[in-house]
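**Q** Quick one: sequence plus predicted model below, questions after.
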Amino acid sequence: MIRVRRGRLPRTLVVRLDSAGDVLLAGPAVRAVAAGSSHTALLCGPQGAAAGRLLPGVDAVLTYEAPWVGLEPARVTREATRRLTETLTAGRYDRALVLVSYHQSPLPAALLLKLAGVGWTAADSEDYPGALLDLRHHRRPHRHEVLAALDLARAAGFALPPGDDGRLRVTPPPVTTHLTGPEPYVVVHPGAAVPARAWSAGRAARAVAALSAEGYRVVVTGGRAERELTARVAGRHGLDLGGATDLRHLAGVLARARAVVAGNTGPAHLAAAVGTPVVSVFAPVVPAERWAPYGVPHVLLGDQGAACAHTRARHCPVPGHPCLDGIGDAEVLAAVAALAEGGTEGDARDRGEQTERGAAV
């Protein structure tokens, strides 16, 4: 661990170029870096910058649309590369950590960091890095994204400060009662950037209707591009907040919910970051062991052994989307009741552990 005086601690850059959810999962590692740095900057993609600004310990957020990341990658241009390297050079960073998921390579980013004069770079890499990495770290198998990032930070000399439990965290969100009305309520977030990871609109609408019939007040959330979806899902049974919140205000809405029902998407991780239990409608196209809600009580719904398991499919390859649309109303209601009313998962919040259930609750 770095143990020099505060004034001599390194200026450190953390790179996480993916979506808002991935940036939120990097939060504990960012706090570890910040505890051992005089200045901590976060380099994000455009989809992750808003989440980066919510992370405690971040002094500056830099944005770069990397051509090797995202669903619709940017073109490679000399001008964008030049701007990035100039910005990084001006930052005078002593150290950098490149955080990637298990299926990604850190080497394109590491090359640009070297060109920008960053003195020391660490990353998980299965590929031979040559001179691009000063610390080539190997990820432990089956590791959750949060823990894998913390493992790398620790190997690079950065540890969480005393009293930090390592859960997800964001800066305190605003009060959003003017949007939601009075508590209590349950949030349903039906959308996802990858369609295979979300319920169909009709299935989500039936879940909202079932929750309402059970006596829950339901708030339906979504981004500006999802207004048509949230209006359909809310119908006559829920309050439609589609397009009504930025990420910071969405955090406020989620923080006051009794439970959040969401797919494997950023708002599920944002709910975990504000301490709200999550009913995770999780498609097995990626492994839940790596991306399930972290550090809060949660119930995992969905057929994790479906034919699409671990395919990374963006659109469901199986007619009818059975892994998620096959979840019954009774399962959803039981999961919400277990979390909203304390249930058997209640003690997990105090232990900082995760609780998972199969499709049958």
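**A** That came through, no problem. Numbering: from 1, shown residues only.

**Q** is the spatially closest residue to G238 that is not a sequence neighbour in a bridge, and if so with what?
**A** The shortest distance from G238 to any non-neighbouring residue, by CB to CB, 6 or more residues apart in numbering, is to V218 (3.9 Å). C-beta: built from backbone N, CA, C; applies to glycine. Taking DSSP bridges as the rule, V218 bridges to V186, G238.

**Q** Count the neighbours of V218 for me.
**A** Number of residues near V218 (other CB atoms under 10 Å) recorded here: 25.

**Q** Hmm, V208 and it touching each other?
**A** Yes: under the criterion of CB atoms under 8 Å, V218 is in contact with V208, at a separation of 5.1 Å.

**Q** Show the contacting residues for A268.
**A** The neighbourhood of A268, defined by CB atoms under 8 Å, 6 or more residues apart in numbering, consists of G21, H189, V260, A262, V278, S280, P293.

**Q** Over to H137?
**A** For H137, the contacting residues are A122, A123, D124, S125, D151, L152, A155, A156, by CB under 8 Å, 6+ apart.

**Q** Which residues are in contact with each of V218 and V208?
**A** Counting by CB under 8 Å, 6+ apart, the common neighbours of V218 and V208 are V188, A234, H237, G238.

**Q** The third one - nearest residue in space that isn't next to it in sequence?
**A** Right, H237. For H237, ignoring the flanking residues on the chain, the nearest one in space by CB to CB, 6+ apart is S212 at 3.8 Å.

**Q** Secondary structure element holding that neighbour?
**A** S212 is located in helix 201-213, with elements delineated by DSSP states H and E.

**Q** counting contacts, what elements does that helix pack onto?
**A** Secondary structure elements in contact with helix 201-213, counted by 3 or more CB pairs under 8 Å, 6 or more residues apart in numbering; DSSP states H and E, are strand 186-189, strand 218-222, helix 227-234, helix 329-340.

**Q** need the ones you listed in JSON lines with distance to L133 and mean pLDDT, can you?
**A** Written out in JSON lines, the entries for those read as follows (distance: least, CB to CB, whole Å; pLDDT from 0 to 100):
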{"stretch": "strand 186-189", "distance to L133": "37", "mean pLDDT": "98"}
{"stretch": "strand 218-222", "distance to L133": "39", "mean pLDDT": "98"}
{"stretch": "helix 227-234", "distance to L133": "42", "mean pLDDT": "97"}
{"stretch": "helix 329-340", "distance to L133": "41", "mean pLDDT": "96"}
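
**Q** Switch those over to CSV; also include distance to R83.
**A** Written out in CSV, the entries for those read as follows (distance: least, CB to CB, whole Å):
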stretch, distance to R83
strand 186-189, 35
strand 218-222, 33
helix 227-234, 34
helix 329-340, 45
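
**Q** one step back: tell me the contacts of the residue nearest to H237?
**A** The contact partners of S212, taken as CB under 8 Å, 6+ apart, are V218, H237, G238.

**Q** which of the residues you listed lies closest to A225?
**A** Top of the list for closeness to A225, among the contacts of S212 and by CB to CB, is G238 at 18.9 Å.

**Q** gap between the closest one and G266?
**A** Noted for G238: a distance of 20 Å to G266, by CB to CB, to the nearest Å.

**Q** repeat for L71
**A** Remark: distance between L71 and G266 (CB to CB) = 13 Å.

**Q** for A110, same thing?
**A** Counting by CB to CB, the gap from A110 to G266 is 26 Å.

**Q** can you check V208 too?
**A** As judged by CB to CB, V208 and G266 stand 20 Å apart.

**Q** Using the three-state scheme, assign the residue positioned nearest the centre of the chain.
**A** In the chain, the C-alpha nearest the mean C-alpha coordinate belongs to G21, at 2.1 Å (CA atoms, centre = their mean). Classification of G21 into helix, strand or coil gives helix, according to DSSP: H, G, I helix; E, B strand; the rest coil.

**Q** so it makes contact with A273?
**A** No: the pair G21 and A273 fails to qualify as a contact (CB under 8 Å) at a distance of 10.0 Å.

**Q** Can you list the helices and strands that the helix or strand harbouring A251 packs against?
**A** For A251, the element it lies in under DSSP H and E is helix 247-255. In this structure, helix 247-255 makes packing contacts with helix 49-52, helix 177-180, strand 218-222, helix 266-273, judged by 3+ CB pairs under 8 Å, 6+ apart.
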